[in-house]
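In: Structure of the sequence below:
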Amino acid sequence: MVLNKGVNEMNPIYFIWQNLTLFITLMIVTNLILAVAMVLFERRNPVTTMIWSMVIFFFPIIGFILYLFLGQDLRKRKIFTLKSHEEDKLIRTIRYQRTLLNGNQYRFKDPKIQKYTDMITMHLSSSDAPLSEDNAVKIYTTGEAKFADLFQSIRNAKKFIHMEYYIIRNDALGKEVVELLAEKAREGVEVKFLYDGMGGIRLPKNFFDPLIKAGGKVAVFLPPFIPKFNLRVNYRNHRKICVFDGVTGFVGGFNIGVEYLGKSKKFNYWRDMHIKIEGSAVKDLELRFLLDWRFASGEEISFDDSHYPQTETVGNTAIQIVSSGPDSKWMSVRNGYLKIINSARNHVYIETPYFVPDEEILSALKMAALSGVDIRVIIPKKPDHPFVHWAAMSYIGELLEAGVRFFAYHKGFIHSKMLTSDGFVSSIGTANLDIRSFRVNFEVNAFIYNSATAQELDEIFIKDMYDSTEITLEKFNQRPLKDKTKDAICRLLSPLL
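Out: Below you'll find the predicted structure:
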């Protein structure tokens, strides 16, 4: 028996089997520990926890790798708890006029705003977002128009330029932005540029050298541990904010790259949405930038009056700048979307490149449509992320049955993040209508209370409808079985996408 055992141990097949058994045992133990840790230490949605557990147990190796990339909530508290505490304290040290008067009584210049007092209160309570009513807004739907005005604002800046983007490309547009910023830095203008570690992962090390040598500053939000390789797919800074001298601000969906000028070979025409703001709401964009800069750079910020100059009234548009992210207690932008849908009595028009609603948004859309509200949604016909697109299709069927109308934009790629309702309230910003934007990305949106702006957005939406193909319930049900199967699988994984 001993001799046979020795012979077996020398057998290559026996050796492989023993090591394979050990490997499988280690994977099972690791998966078990990981699953227990998720349940005990993470404040996840129960559905998300269940799905991650299934992925890890049914796909031990692949599931573990996916969790490293996409399910990193175990470090979330350590990364962001201090950030949120510091920001709460700093926000309260910034003194600017709020609209809250006499307890819960508001006074509005436009009486139509009164209908949305509860939403304004919610944003003020959950996101420290004051309402200002003295703003002027300009809407951009093309990269050419947006970057033309952005470049002019850069050239006109006298004191400071603060820019924050999720993506900046190493291409002609990206290089032009850096050179222009370097020129302003050489003139003595304070220039700070913040970009996301994932969004700029392909940038060469010397990309920002012209700006840095000219005296400008650059910071990276959660940079990768290993150059060109980033395990932290979650917790990305998806915000796009620009502030010039504290009087002009930009926010919206455009990043910096030639594809946003419609020069992508894959998508050609690029339909997005961005706004320029002049007025008191620019102060809130500036505060958001400074807090993000402080976290990413580690630099102490002097929140003095130089960042918040006194400005004259330039318009009559009411705006709240609302931020949300994994460091927030509340999903403020998502809750704003939910409030708009629930308060709608006539119509809700939505444009989003990624449509993966959570259960609350899904139910709200159904109830609104069943109540007779005209709900229309435009999504891309040609997706840039197929898994997210298949997940979106899985939701569309039941919403079509409830009366929601869907349109697939075919002129190019639609990247616009816009929601407008009843000819008065709107939201434009960086947050898609998907779970990733609601829960794991840092986002910022402008919630706008103004008839003229809403009317302009309605007209833009109708024009986009004519560049789209309606997805009817009949067409949807006629899809081949393979498409329905892909949709069903991706629906199960939608909380992870």
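In: Could you chop this structure up by domain?
Out: Domain ranges of the chain: 2-71, 79-317, 332-496, per automatic domain parsing.
In: out of those, deepest packed?
Out: domain 332-496 (a mean of 20; mean count of other CB atoms under 10 Å). (Glycine included, C-beta is placed from N, CA and C.)
In: so which strand or helix has residue 328?
Out: For residue 328, there is no helix or strand it lies in under DSSP states H and E.
In: burial measure for it, as a count.
Out: When neighbours are defined as other CB atoms under 10 Å, residue 328 has 18 of them.
In: correct me, but it touches residue 235?
Out: No: using CB atoms under 8 Å, residue 328 is not in contact with residue 235, being 11.9 Å away.
In: For residue 443, see how far away residue 327 is.
Out: 12 Å (CB to CB, to the nearest Å).
In: Please apply the same query to residue 286.
Out: From residue 286 to residue 443 the distance is 17 Å (CB to CB).
In: try residue 202
Out: Taken as CB to CB, the span from residue 202 to residue 443 is 23 Å.
In: now the domains of the chain as JSON lines including distance to residue 323?
Out: Output for these, formatted as JSON lines (distance: least, CB to CB, whole Å):
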{"stretch": "domain 2-71", "distance to residue 323": "20"}
{"stretch": "domain 79-317", "distance to residue 323": "6"}
{"stretch": "domain 332-496", "distance to residue 323": "5"}
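In: I'd like the ones you listed as TSV, with mean pLDDT appended.
Out: Below are these laid out as TSV (pLDDT from 0 to 100):
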stretch	mean pLDDT
domain 2-71	58
domain 79-317	87
domain 332-496	91
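In: so when I look at residue 275, I'm seeing a strand, right?
Out: Yes: assessed by DSSP: H, G, I helix; E, B strand; the rest coil, residue 275 belongs to a strand.
In: hang on, it packs against residue 250?
Out: Yes: the criterion here is CB under 8 Å, and residue 275 meets it with residue 250 at 7.1 Å.
In: now the helices for the stretch 151-300 of the chain?
Out: Along the stretch 151-300 of the chain, the stretches classed as helices by DSSP state H, counting those that start in this stretch are 172-186, 209-213, 281-297.
In: what does the first one contact?
Out: For helix 172-186, the surrounding residues in contact (CB atoms under 8 Å, 6 or more residues apart in numbering) are 147, 151, 154-155, 157, 161, 163, 168, 191, 193, 207-208, 210-211, 213-216, 256-258, 260-261.
In: what about the closest residue in space to residue 360 that isn't next to it in sequence, distance to residue 445?
Out: Using CB to CB, 6 or more residues apart in numbering and skipping the chain neighbours, the partner closest in space to residue 360 is residue 338 (5.9 Å). Using CB to CB, we find residue 338 at a distance of 13 Å from residue 445.
In: Kindly report the same for residue 153.
Out: 21 Å.
In: same check, this time on residue 257
Out: From residue 257 to residue 445 the distance is 22 Å (CB to CB).
In: now residue 462
Out: With distances taken as CB to CB, residue 462 is found 22 Å from residue 445.
In: before we move on, what about residue 149?
Out: Distance from residue 149 to residue 445, by CB to CB: 20 Å.
In: ok so residue 323 is a strand residue?
Out: Yes: assessed by three-state DSSP, residue 323 belongs to a strand.
In: What about it, how many residues nearby?
Out: Quick note: residue 323 (other CB under 10 Å) scores 28 neighbours.
In: Angles on the backbone of the closest residue to residue 135 other than its chain neighbours, please.
Out: Distance criterion CB to CB, 6+ apart; nearest residue to residue 135, sequence neighbours excluded, is residue 279 at 3.1 Å. Torsion angles at residue 279 (phi, psi; degrees, to the nearest 10) stand at phi 140, psi -170.
In: Could you number the chain from 33 rather than 1 from now on?
Out: With the count now opening at 33, the last piece we talked about shows up as residue 311.
In: so residue 311 touches residue 170, yeah?
Out: No: assessed by CB under 8 Å, residue 311 is found out of contact with residue 170, at 11.6 Å.
In: elements contacting the helix or strand residue 153 falls within?
Out: Using DSSP H and E, residue 153 falls within helix 149-159. On a contact count with 3 or more CB pairs under 8 Å, 6 or more residues apart in numbering; DSSP states H and E, helix 149-159 meets strand 349-356, helix 364-375, strand 475-481.
In: Quick one: residues in contact with it.
Out: 130-132, 136, 138, 145, 161-163, 352, 354-356, 360-362, 364, 367-368, 371-372, 375, 457, 479, 481.
In: helices or strands up against the helix or strand encompassing residue 496?
Out: According to DSSP H and E, residue 496 maps onto helix 483-498. Applying 3+ CB pairs under 8 Å, 6+ apart, one finds that helix 483-498 contacts strand 164-172, strand 379-383, strand 406-412, strand 437-441, strand 450-453, strand 457-461.
In: Could you export those as CSV, including distance to residue 273?
Out: Formatted as CSV, these follow (distance: least, CB to CB, whole Å):
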stretch, distance to residue 273
strand 164-172, 15
strand 379-383, 20
strand 406-412, 25
strand 437-441, 26
strand 450-453, 17
strand 457-461, 10
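In: To residue 254, which of those lies closest?
Out: strand 457-461 (20.4 Å; CB to CB).
In: quick one, that closest one and strand 379-383 angle?
Out: 10 degrees (axes from the mean of the first three to the mean of the last three CA atoms, to 10 degrees).
In: Now strand 457-461 - C-alpha only, CSV.
Out: Extracted as CSV, the C-alpha positions of strand 457-461 are listed here (Å, rounded to 0.1, in the frame of the first residue of the first chain):
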residue,chain,number,x,y,z
VAL,A,457,-38.7,72.0,-14.4
SER,A,458,-35.6,70.4,-15.9
SER,A,459,-32.4,68.7,-15.1
ILE,A,460,-29.2,68.8,-17.1
GLY,A,461,-25.8,67.4,-16.0
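In: Identify the neighbouring strands of that strand in the sheet and state each direction.
Out: strand 450-453 (antiparallel), strand 475-481 (antiparallel) (DSSP bridges).
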